[in-house]
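# dropping the sequence and predicted coords here.
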Amino acid sequence: MNIEQTIENIAINLLRLAVTQLPKDVKEALQNAHKQETSPAGKTQLKAILDNIELAEKTNTPMCQDTGTIIFYIKAGAEVKNLDKIQNALINATKKATTEIPLRPNAVDPFTQKNTGDNTGRNIPHINWEITSGNTIEITVLPKGGGSENVCTIGMLVPGEGIKGLKKFVVDTVIKAGSMPCPPNILGVAVGGGADIAMKLAKKALLRPINQPNPDPEIARLEKELLEAANQTGIGPMGLGGKFTVLGVNVDYAARHPASYPAAVAFNCWAARRATARIKPDGQVEYLTHKMR
Amino acid sequence: MATYKLTTPISEEQIRKLKVNDEVYITGTIVTARDQAHKRALQFYKEGKKLPISLEGLAVFHCGPIVKKEGDKWIVVAAGPTTSTRMDIFEDEFIKNFKARVIIGKGGMGKRTTEGMQKYGAIYGAFTGGAAVLAAKAIKSVKTVEWFDLGMPEALWIFEAEEFGPLTVAIDSHGNNLFEDVKRATEENRKKIYERLGIQ
């Protein structure tokens, strides 16, 4: 197969799927929230969200005007040839998707303030690489909204406060964010490693379906505890009050330095978009998060 | 909580009936205005110049839409709300001078706007952040665009809408502000959460 062309086409499909259809786990969580929400304003907002995503799906239109910063996560099989062609394919896919879907141009030079107009720029789309064994390539796209990005927070906590310090940090971060990240949100929480590692893991944790708890039962319990705590704030859908501030909390971690306790909270808005495909050596594609129409 | 369907021009009397948590749908003329348009409108007022459109009884939408031109017609692609707090420094004067009755946006507004709305008779309607497809569907046509020199997002887009909503009345004309209420409740809840988690 022509790897560059194949990847480009699949990446455009992934971008379109991601911005027009929410993954099943997120949609179900929103439907469930709408059913259970008791605050009238919160319920109104959730209804509007559900109507909006249904309409977006039906008309093949982006569900939010902010189609995000384009981030890719690649699991590349070590046996796959021409891996060096993938980056170019993803950049071209981003440019084409911007005009074809269309996506809002969201790549701005931080010094000249000029918008490149095609969602590409230095280090953007951002590509996270992971080498796996085998001969398949897995591509995930995370179009990351700006409103929820603006409240992502890293804290260098006090090691002596341990897990309690982490819980307080998460609660405080959610309260400070308030209505800004377009709740109900999904939270990626990570501790350890270092400032960059914690945030990287927190953001990557947003890719895990929210109906899949962490396989470690201790951490799964922490996820549940943090979810309940975040929902006890009462911030509610779009900050108008209610039971559903957060739909899911995914926790990850790395070993930490004895003197450090880095903690990171990454937010995703209700439009928690992501799409994944696996490509086999013969070019066959399996879409893992969506049904291809 | 009640649901109201309002048609522009909206009177002060109609506005005074609305309470926080009510649900509102608007039919008629909705005009977009962000930071630059608010600033210029107030400057016009100061200089005694007329605005390109009278805003009396209309809805003003904090929105920088994506609009495309097909032939000689403008088509709204996406029109989600932008964060309203940036307009807090203008809104009380704006309501007073131009008598707009409904301000639409996301994230809520502060004390100054709440006081202005109470005094001059206006409400703040929260539209779901990001729900751009829903918004675009209710906008039936673009009547015209003014102040296009400010750029597409900052220009005054004059929309003809049909049942634009749902808007949650988050600030009413009686001094109530739902966002402020939620913030106060959240502070109380913080203490309870700390207690439950065993945090001092």
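That came through fine. Numbers count the residues shown, from 1 in each chain, chains lettered A, B, ... in the order given.

# what's the local residue count around residue 27?
All of this refers to chain A. Per other CB atoms under 10 Å in any protein chain shown, the neighbour tally for residue A:27 reads 16. Quick note: C-beta positions are derived from backbone N, CA and C, even for glycine.

# could you do chain B instead?
Look at residue B:27: counted by other CB under 10 Å, it has 18 neighbours.

# next, it: secondary structure please.
Under the three-state scheme (DSSP: H, G, I helix; E, B strand; the rest coil), residue B:27 adopts strand.

# how near is the residue nearest to it when sequence neighbours are not counted to chain A?
Spatially, and ignoring its direct neighbours in sequence, residue B:27 is nearest to residue B:7 (4.7 Å; CB to CB, 6 or more residues apart in numbering or on different chains). For residue B:7, the distance to chain A equals 20 Å [CB to the nearest CB, to the nearest Å].

# now swap in residue B:156 and tell me
With distances taken as CB to the nearest CB, residue B:156 is found 18 Å from chain A.

# on that earlier part again, I figured the residue nearest to residue B:27 was touching residue B:28, is that so?
Yes. Assessed by CB atoms under 8 Å, residue B:7 is found in contact with residue B:28 at 5.0 Å.

# neighbour count winner among those two?
Taking neighbours as other CB under 10 Å, residue B:7 and residue B:28 compare with residue B:28 leading, 17 against 14.

# tell me which parts of the stretch 151-293 of chain A are close to chain B?
Residues of the stretch 151-293 of chain A lying close to chain B by CB under 8 Å from any CB of the partner chain are A:164, A:167-168, A:171-172, A:175, A:178-180, A:182, A:225, A:229, A:232-236, A:238-241, A:269-271.

# which ones among those residues are found in helices?
Among those, the ones falling in helices (DSSP state H) are A:164, A:167, A:168, A:171, A:172, A:175, A:225, A:229.

# of the residues of the stretch 151-293 of chain A next to chain B, buried ones?
A:167-168, A:171-172, A:175, A:178-180, A:182, A:225, A:229, A:232-236, A:238-241, A:269-271 (16 or more other CB atoms under 10 Å in any protein chain shown).

# check the spatially closest residue to residue B:174 that is not a sequence neighbour and give its pLDDT.
Once flanking residues are discounted, residue B:174 sits nearest to residue B:118: 6.4 Å by CB to CB, 6+ apart. Listed pLDDT for residue B:118 reads 98.

# what sits against residue B:118?
Shown in contact with residue B:118 (CB atoms under 8 Å, 6 or more residues apart in numbering or on different chains): B:173, B:174, B:175.

# need these in CSV (columns: neighbour count and distance to residue A:143).
Below are the contacts of residue B:118 laid out as CSV (neighbours: other CB atoms under 10 Å in any protein chain shown; distance: CB to CB, whole Å):
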residue, neighbour count, distance to residue A:143
B:173, 23, 39
B:174, 13, 41
B:175, 13, 40
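
# quick one, longest strand in chain B?
Ordering each strand of chain B by length in residues (DSSP state E) puts strand B:156-171 first.

# which SS class is the residue positioned nearest the centre of chain B?
For chain B, the residue nearest the mean C-alpha position is residue B:104 (1.7 Å; CA atoms, centre = their mean). Under three-state DSSP, residue B:104 falls in the strand class.

# distance of it relative to chain A?
Taken as CB to the nearest CB, the span from residue B:104 to chain A is 13 Å.

# any idea what the residue lying closest to that residue once chain neighbours are set aside is bridged to?
Setting aside the residues directly before and after it, residue B:104 is nearest to residue B:61 in space (CB to CB, 6+ apart), at 4.4 Å. Per DSSP bridges, the residues bridged to residue B:61 are residue B:32, residue B:104.

# next, count neighbours for residue B:61.
28.

# tell me the contacts of it?
Counting by CB under 8 Å, 6+ apart, residue B:61 makes contact with B:30, B:31, B:32, B:33, B:79, B:81, B:104, B:105, B:127, B:159.

# please report how far it lies from residue B:197.
When distance is defined by CB to CB, to the nearest Å, residue B:61 is 41 Å away from residue B:197.

# in chain A, which spans are strands?
Counting by DSSP E, chain A has strands at residues A:69-77, A:126-132, A:137-144, A:153-157, A:185-191, A:246-253, A:261-268, A:275-279, A:285-287.

# now the last one: buried residues?
With burial defined by 16+ other CB under 10 Å, the residues of strand A:285-287 counted as buried are residue A:285.

# what about that strand, average pLDDT?
Here the average pLDDT along strand A:285-287 is 96.

# tell me the buried residues in the helix or strand of chain A with the lowest mean pLDDT?
Using mean pLDDT, DSSP states H and E, helix A:146-149 stands out as the lowest-scoring helix or strand of chain A, at a mean of 93. Within helix A:146-149, the residues scored as buried using 16+ other CB under 10 Å are A:147, A:148, A:149.

# was I right to think the last one contacts residue A:265?
No. Taking contact to mean CB under 8 Å, the distance of 11.8 Å between residue A:149 and residue A:265 leaves them out of contact.

# residues in contact with residue 57?
I went with chain A, as the question did not name one. Residue A:57 touches A:20, A:21, A:63, counting by CB under 8 Å, 6+ apart.

# hmm, no, I was thinking of chain B.
By CB under 8 Å, 6+ apart, the contact set of residue B:57 is B:8, B:9, B:10, B:11, B:99, B:100, B:101.

# ok, now with 6 Å
For residue B:57, the contact set (CB atoms under 6 Å, 6 or more residues apart in numbering or on different chains) comprises B:8, B:9, B:10, B:101.

# so which of those wins on neighbours?
Among the contacts of residue B:57, residue B:101 has the most neighbours (other CB under 10 Å), with 27 neighbours.
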